[in-house]
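>>> quick one, fold the following:
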Amino acid sequence: MDEALRAETIRMSGAGGVEIEAYLARPLGDDRRGGVVVIHHMPGYDRATKEMTRRLAVLGYDALCPNLFWREAPGADPDDASAAVRALGGVPDERLVGDVAAAADHLRQLPQATGRIGVIGHCSGGRQAVLTGCHIQVDAVVDCYGAYVTGDPPPDWPLRVTNLVPILPKLSAPVLGLFGNEDRTPSPEHVDEFEAILRANGKQSEFYRYANAGHGFFAVDRTSYRVVAAVDGWERIASFFTRHIAPEV
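Modelled structure (predicted):
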């Protein structure tokens with residue numbers, strides 16, 4: 001595989017036509033390819049998320065990560081931007097869906113685009129990837145330990161979120177779920193409930209649970225990183241996207 005790519009910060013039209021910053025990574029070849037919208041986690045539009053975006057480009061996709069905090073904190077350090085958004089209760093679901101839909105449209109307009117779109121998110125982004133798949137048409141959804149797809153936040157939870165149980169029957173695409181058995185949000189019970197709802201509604205899903213792994217096991221810059229789970233998880237992401245958004249050979 002030719003791993004040459006171009007990665008750059010761009011501006012794109014987000015929800016409501018508002019211009020926001022985004023990070024775009026693309027293979028340099030001329031082959032036709034699918035696109036992936038990367039939804040960053042609550043810590044923000046940071047180096048780790050941009051590395052994930054580039055990794056998806058190496059796998060052969062146009063990958064775009066919109067800065068969901070741009071409106072509240074344009075140009076701010078990721079930690080400061082995250083703090084500002086947390087103080088406001090997080091990104092509203094309606095705006096989130098609008099920004100991801102706009103990112104998907106941006107990817108579909110790129111020269112090598114096939115029009116097939118995957119969405120991936122970690123932590124809060126995992127929930128938001130599922131949320132997006134319930135509201136717009138995509139071809140693949142990857143949820144990496146997204147909290148409160150099922151289950152209810154505690155009363156003192158700083159973000160204004162609700163679970164997605166009422167809208168899960170509307171999910172438009174197959175789901176790959178990657179979870180740690182030592183996680184509490186989502187807990188193994190939350191994951192079981194999520195999987196059961198999808199099965200009951202005839203939705204295609206693949207869930208994998210990792211022993212000795214908790215929340216954030218993909219995060220190479222944190223003590224939560226678990227190499228065995230992360231390596232296997234990336235292999236499953238690559239396989240899932242190959243089956244659902246890669247061009248047919």
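>>> which stretches in the chain count as strands?
Counting by DSSP state E, one finds strands in the chain at the ranges 5-13, 19-27, 33-39, 62-66, 113-122, 140-144, 175-180, 205-210.
>>> okay if I get those as a markdown table plus mean pLDDT and distance to residue 128?
(Glycine included, C-beta is placed from N, CA and C.) Compiled in a markdown table, the strands of the chain are given as follows (pLDDT from 0 to 100; distance: least, Cβ to Cβ, whole Å):
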| stretch | mean pLDDT | distance to residue 128 |
| --- | --- | --- |
| strand 5-13 | 97 | 17 |
| strand 19-27 | 98 | 15 |
| strand 33-39 | 98 | 5 |
| strand 62-66 | 98 | 11 |
| strand 113-122 | 98 | 5 |
| strand 140-144 | 98 | 9 |
| strand 175-180 | 98 | 13 |
| strand 205-210 | 98 | 17 |
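>>> redo these as TSV? Include distance to residue 76 and mean neighbour count.
Listed next are those as TSV, based on distance: least, Cβ to Cβ, whole Å; neighbours: other Cβ atoms under 10 Å:
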stretch	distance to residue 76	mean neighbour count
strand 5-13	14	13
strand 19-27	11	21
strand 33-39	19	28
strand 62-66	15	27
strand 113-122	21	24
strand 140-144	25	28
strand 175-180	30	26
strand 205-210	34	16
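>>> out of the ones you listed, nearest to residue 77?
Smallest distance to residue 77 across the strands of the chain (Cβ to Cβ): 13.5 Å, for strand 19-27.
>>> so which other helices or strands are in contact with the closest one?
Under the contact criterion of 3 or more Cβ pairs under 8 Å, 6 or more residues apart in numbering; DSSP states H and E, strand 19-27 touches strand 5-13, helix 47-58, strand 62-66, helix 93-108.
>>> switch to 6 Å and redo it
Counting contacts by 3 or more Cβ pairs under 6 Å, 6 or more residues apart in numbering; DSSP states H and E, strand 19-27 is packed against strand 5-13, helix 47-58, strand 62-66.
>>> would CSV of the ones you listed with distance to residue 113 be doable?
What follows is those, written out as CSV (distance: least, Cβ to Cβ, whole Å):
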stretch, distance to residue 113
strand 5-13, 14
helix 47-58, 13
strand 62-66, 7
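>>> follow-up on the earlier one: wait, which of the strands of the chain is closest to residue 107?
strand 33-39 (3.1 Å).
>>> out of the helices and strands packed on strand 19-27, nearest to residue 94?
Using Cβ to Cβ, these put strand 62-66 closest to residue 94, at 14.9 Å.
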